[in-house]
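# can't give you the sequence, but here's the structure:
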């Protein structure tokens, strides 16, 4: 009796397997624009501002968009729902990382952000994730508080160097937290290395990396550029740090939207008072400041070359992305999502710009409005824009530290200064024209601003570590 059942089960299993594969192959690809023969959409995808292009494609073709560049398939996800469904709920199939030639050429192919999914990646990820867990991150708050106060002291002394000082702040926290190295000088060699790497990364890796093409193929300047900057990345490896994630604290929104700064300062004065600077234990009692932080994070995913300028206020139309098209994920097996085929080997990108401008989630998405996150009746209870930290198993492991970095710096700066437009020689305010350099570690292109002192930057707290 057992043998006949076995003989019947084998062909049935093969039939089920064949039908399953056939149904996947028969499923249609996601919608997308008409493609050219052979090269597909290669000439359509811009070298810069891909997030704007993806956003426009999403509005035209839907939440999931299909693009083809030669032999590479690119799937764009324009909603948090789609990214959550694939990267979070089907993480086993979507946790790979496509090869990014630039970072392989500069010697970082085996570092955690660019490592392919597998045993080595899981081991590295577990170690980093444990170190930067939400609970363990709290023990680093004295370091962050100290460095935030050093930041405002430096800003008071040299306000014209704010971009360098903010980079110093982010680097100083990481170096002390990760390696016990305290940055005590603006001439610290670590600061120079991080700055050099940040500049060398500028424009190096479009979504999913460049396609593997021969050196003579148009656009492969990345290979020559990578070889030229390899010494910069080699020097990085001589220091005990593989990657620095800088939490940029931006003065720009406060210059463009001073009315929201005033509300946050009033809350700080009421809760914290004017005889001390904010501490992390104040955070739960500062809901408006929290909302302001979230709106700033959403704000920096927008770009000044958006074509929908008629929908944007003139002040809002001066922002640009830190990394508006999220890190690429690789697909290990064919998959069906909402009746659409996601082919094996595809590069899947979560377009953060599309997510932060989703009108189904954010009312008047082009408007800067921190109250949107407040519960009714003060606001609409809209969700925080967490997409910038990624999804699934590739979510940024340092997100809790980065969030704390930005919060304590913002709270300390707003308590100490009132940020405003700079005044030119004729006494007129300078209207900032702002954008952000498209680098791996976000850095702002300088904007002129003024800052009047509100409180004295109290001396840094004593280092309470053993």
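Cool, the structure landed. Model, not experiment: these values are computed from the prediction.

# Quick one: low-confidence residue ranges for this structure.
The chain contains residues with pLDDT under 70 at 1-25, 100, 106, 108-109, 198-256, 301-326, 421-424, 427, 429-452, 455-466.

# Specify the local secondary structure of residue 409.
Applying DSSP: H, G, I helix; E, B strand; the rest coil to residue 409 yields a three-state assignment of helix.

# Surely residue 77 and residue 353 touch.
No - with contact defined as Cβ atoms under 8 Å, residue 77 does not reach residue 353; the gap is 11.6 Å. For glycine as for every other residue, the C-beta is placed from the backbone atoms N, C-alpha and C.

# Neighbour count: the two, which is higher?
Counted by other Cβ atoms under 10 Å, residue 77 and residue 353 do not tie: residue 77 has more neighbours, with 30 against 26.

# Just the buried residues of stretch 164-182, please?
Using 16 or more other Cβ atoms under 10 Å as the test for burial, stretch 164-182 gives 164-178, 181.

# wait, I meant stretch 395-412
The neighbour-count check on stretch 395-412 (16+ other Cβ under 10 Å) flags 396-412 as buried.

# again, but for stretch 58-78
Buried-residue list, stretch 58-78, by 16+ other Cβ under 10 Å: 58, 61-69, 72-78.

# One more: stretch 385-395?
By neighbour count with 16+ other Cβ under 10 Å, stretch 385-395 contains the buried residues 385, 386, 387, 388, 389, 390, 391, 392, 393, 394.

# what's the spacing between the fourth one and residue 296?
Here the distance between residue 388 and residue 296 works out to 11 Å (Cβ to Cβ, to the nearest Å).

# and if you look at the last one?
Shown here: residue 394 relative to residue 296, a distance of 24 Å by Cβ to Cβ.

# Just the element for residue 274, please.
Assigned by DSSP states H and E, residue 274 belongs to no helix or strand.

# Now, the buried residues of stretch 395-412 that are in helices?
399-412 (DSSP state H).

# Could I get these in CSV, plus columns for distance to residue 287?
As requested, those are exported to CSV (distance: Cβ to Cβ, whole Å):
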residue, distance to residue 287
399, 20
400, 19
401, 22
402, 20
403, 15
404, 17
405, 20
406, 16
407, 12
408, 16
409, 18
410, 14
411, 13
412, 18
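
# which two in those residues are spaced the farthest apart?
Checked with Cβ to Cβ, those reach their widest spread between 399 and 412, with 20.5 Å between them.

# quick one: the strands in the stretch 101-250 of the chain?
Using DSSP state E, counting those that start in this stretch, no strands are assigned anywhere in the stretch 101-250 of the chain.

# okay, now the residue nearest to residue 112 when sequence neighbours are not counted: neighbour count?
Excluding the flanking residues, the one nearest residue 112 by Cβ to Cβ, 6 or more residues apart in numbering is residue 124, at 4.8 Å. Neighbourhood size, residue 124 [other Cβ under 10 Å]: 17.

# Helices along the stretch 1-150 of the chain, start to end?
All helices of the stretch 1-150 of the chain, identified by DSSP state H, counting those that start in this stretch, fall at 2-26, 50-61, 80-83, 101-105, 119-131, 134-137, 141-157.
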